[in-house]
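S.K.: Pasting the sequence and the predicted model now:
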Amino acid sequence: MTLKPILKHIVKHSAAALALLGAAGAAGAQDLLVKIGHSGPLSGAQAFSGKDNENGVRLAVEELNAKPITVGGKKLRFELLSEDDQGDPKSGMAAAQKLIDKGVKFVVGPYNSGVAIPASRAYNDAGVLLATVATNPKVTQQGYAGLFRINASDTQLGSKMALYAAKELKFKNVAVIDDRTAFGQGVAEEFKKQAKASGMQIAGHEFTTDKAFDFSAILTKLKTKQPDAIFFGGYAPQAAPMARQMRQLGIHAKLLGGDTICTAEMGKLAGDAAGDNVLCSQGGALLDKASAGPAFKAKFKARFKQDADVYAASYYDATLMYAQAMQKANSTDPAKVGPAVSAGAYQGVAGTYSFDAKGDMKQSPVTIFTFKNGQPLPLSSY
């Protein structure tokens with residue numbers, strides 16, 4: 001073959017290759033990028049929860065991209081942007097601003113009520129939709145139309161734990177400790193309110209912080225009141241040493257708490273100090289009994305090489321709930337997607353997401369757990 005035909009051959013096939021690349025680029029350009037934000041504690045004592053929640057979002061994003069949906073004639077491509085809010089209000093505001101500056105319009109989180117209450121204001125002002133598991137009633141009392149609580153509130157978690165203590169355990173005398181966070185105070189007050197309404201006496205109410213690890217002084221004080229149970233409004237990194245110290249001090253009262261101690265991390269940190277002496281309340285139906293629960297748990301473990309913890313399924317559900325609302329609204333504009341979420345109902349793994357005017361779930365069952373072999377063991381749903 002002479003030089004001229006060779007050059008002609010090269011030019012011809014190069015042009016064909018460029019045409020294919022151009023076509024692929026044009027197809028890619030037709031995709032519509034949707035950024036899904038996540039805010040949670042990815043460092044510090046609560047990092048186990050933050051990373052578990054983040055993986056719930058990640059799994060949903062990967063599934064959406066594997067089987068793309070179309071909105072307004074364009075294929076959607078989802079991208080996860082995650083920020084570490086350290087479970088701290090100030091860091092949470094910085095995380096919110098980072099996500100807003102990156103053009104995120106759909107956020108799942110924050111995990112902590114103390115972060116969600118101030119950060120939700122920034123998200124609302126920026127027109128961002130927010131789906132949070134933060135349980136303090138104040139979260140949804142702010143009147144933000146684009147804010148949705150995707151699990152039970154403190155009112156349900158605290159009150160159902162008190163009802164179980166009174167009706168099932170027949171307790172008469174209980175004490176309370178809270179860590180002064182928005183979550184801890186909120187759930188403790190709701191427990192106290194229902195405990196009194198159910199005829200139980202409040203032997204005492206002590207206070208600590210979410211950074212403390214030595215509770216011997218307040219536990220010694222409460223021991224003299226001989227309570228049947230101590231309700232702790234706080235998180236697993238504090239509840240675990242509290243359970244150990246109760247045993248060391250010879251306190252035979254049960255340790256009760258909300259969803260933040262209904263975690264394998266509680267069993268891991270407390271060791272053999274967490275057994276049937278610890279009970280906690282968690283929002284949502286039992287995954288093992290939910291129709292899609294076992295399949296979700298299996299694919300989560302296959303993907304991340306660990307079991308899904310408390311809220312991974314809720315974060316996964318929230319991401320897919322956004323996607324369904326985008327399809328219903330035929331838009332990725334949060335001003336149109338938000339009303340579609342409010343007006344609709346999404347059947348997820350952890351429950352049916354249908355919201356009242358405040359953004360609270362219309363139905364959110366609460367399950368009472370204890371511990372066995374370091375793992376939360378469900379006892380009863382209320």
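M.R.: Perfect, I can see it now.

S.K.: so who does residue 87 touch?
M.R.: Contact partners of residue 87, counting by CB atoms under 8 Å, 6 or more residues apart in numbering, are 40-41, 44, 46, 50, 111-112, 114-115, 210. (C-beta placed from N, C-alpha, C; glycine too.)

S.K.: Run the chain-centre distance for the longest strand along the chain.
M.R.: Counting residues, the longest strand found in the chain (DSSP state E) is strand 74-84. Computed by CA atoms, centre = their mean, to the nearest Å, the chain-centroid distance of strand 74-84 equals 18 Å.

S.K.: what's the next secondary structure element after the helix or strand bottoming out on mean pLDDT in the chain?
M.R.: In the chain, no helix or strand scores lower on mean pLDDT, DSSP states H and E than helix 3-30, which sits at a mean of 45. Sequence order places strand 32-40 as the next helix or strand after helix 3-30, per DSSP states H and E.

S.K.: Would you map the helices across the stretch 101-250 of the chain?
M.R.: 113-125, 154-167, 182-197, 216-223, 236-248 (DSSP state H, counting those that start in this stretch).

S.K.: Touching the following helix or strand past the last one from outside, list them.
M.R.: For helix 236-248, the succeeding helix or strand toward the C-terminus, using DSSP H and E, is strand 254-257. The list of residues contacting strand 254-257 from outside it, by CB under 8 Å, 6+ apart, reads 161, 165, 169, 171, 174, 191, 228-234, 239, 242-243, 246, 277-281.

S.K.: any idea of the mean pLDDT in stretch 314-324?
M.R.: Stretch 314-324 shows an average pLDDT of 98 in the prediction.

S.K.: Can I get it in PDB? Just the C-alpha atoms.
M.R.: Taking C-alpha atoms only, stretch 314-324 is exported to PDB below (Å, rounded to 0.1, in the frame of the first residue of the first chain):
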ATOM      1  CA  SER A 314     -33.900   5.300  56.400                       C
ATOM      2  CA  TYR A 315     -31.100   7.300  54.600                       C
ATOM      3  CA  TYR A 316     -31.300   4.800  51.700                       C
ATOM      4  CA  ASP A 317     -35.100   5.300  51.600                       C
ATOM      5  CA  ALA A 318     -34.900   9.100  51.700                       C
ATOM      6  CA  THR A 319     -32.600   9.200  48.700                       C
ATOM      7  CA  LEU A 320     -35.000   7.000  46.700                       C
ATOM      8  CA  MET A 321     -37.900   9.000  47.900                       C
ATOM      9  CA  TYR A 322     -36.300  12.200  46.400                       C
ATOM     10  CA  ALA A 323     -35.900  10.300  43.100                       C
ATOM     11  CA  GLN A 324     -39.500   9.100  43.000                       C
END
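
S.K.: Now do it: distance to the chain's middle.
M.R.: With CA atoms, centre = their mean, you get 12 Å for stretch 314-324.

S.K.: What residues of it count as buried?
M.R.: Within stretch 314-324, the residues scored as buried using 16 or more other CB atoms under 10 Å are 314-324.

S.K.: Repeat that for stretch 86-106.
M.R.: For stretch 86-106, a neighbour-count test (16+ other CB under 10 Å) marks 86-89, 91-96, 98-100, 104-106 as buried.

S.K.: Tell me where the model's unsure across this protein.
M.R.: For the chain, the stretches flagged by pLDDT under 70 are 1-29, 285.

S.K.: Okay, domains of it per the record?
M.R.: 32-152+288-350, 155-283+367-381 (automatic domain parsing).

S.K.: And these: which comes nearest residue 358?
M.R.: Distance to residue 358, taken as CB to CB, is lowest for domain 32-152+288-350 among the domains of the chain, at 4.4 Å.

S.K.: Start and end of that closest one, how far apart?
M.R.: With CA to CA, to the nearest Å as the measure, domain 32-152+288-350 spans 29 Å from end to end.

S.K.: Next: stretch 98-118.
M.R.: Using CA to CA, the two ends of stretch 98-118 sit 15 Å apart.

S.K.: got it, and stretch 321-340?
M.R.: Stretch 321-340: ends 10 Å apart by CA to CA.

S.K.: Now it: buried residues?
M.R.: Counting neighbours by 16+ other CB under 10 Å, the buried set in stretch 321-340 is 321-326, 328-329, 332, 334, 337-338, 340.

S.K.: what's it in contact with?
M.R.: Residues from elsewhere that reach stretch 321-340 (CB under 8 Å, 6+ apart): 32, 34, 36, 60, 64, 69, 71-72, 76, 78, 105-106, 127-129, 131, 145-146, 150, 341, 344, 346, 348, 353.

S.K.: 6 Å instead?
M.R.: 34, 64, 69, 71-72, 105-106, 127, 129, 146, 341, 346, 353 (CB atoms under 6 Å, 6 or more residues apart in numbering).

S.K.: Just give me how far that stretch sits from the chain centre.
M.R.: The answer for stretch 321-340 is 21 Å, by CA atoms, centre = their mean.

S.K.: next one: stretch 196-213
M.R.: Put simply, stretch 196-213 sits 24 Å off its chain's centre (CA atoms, centre = their mean).

S.K.: That'll do, ta.
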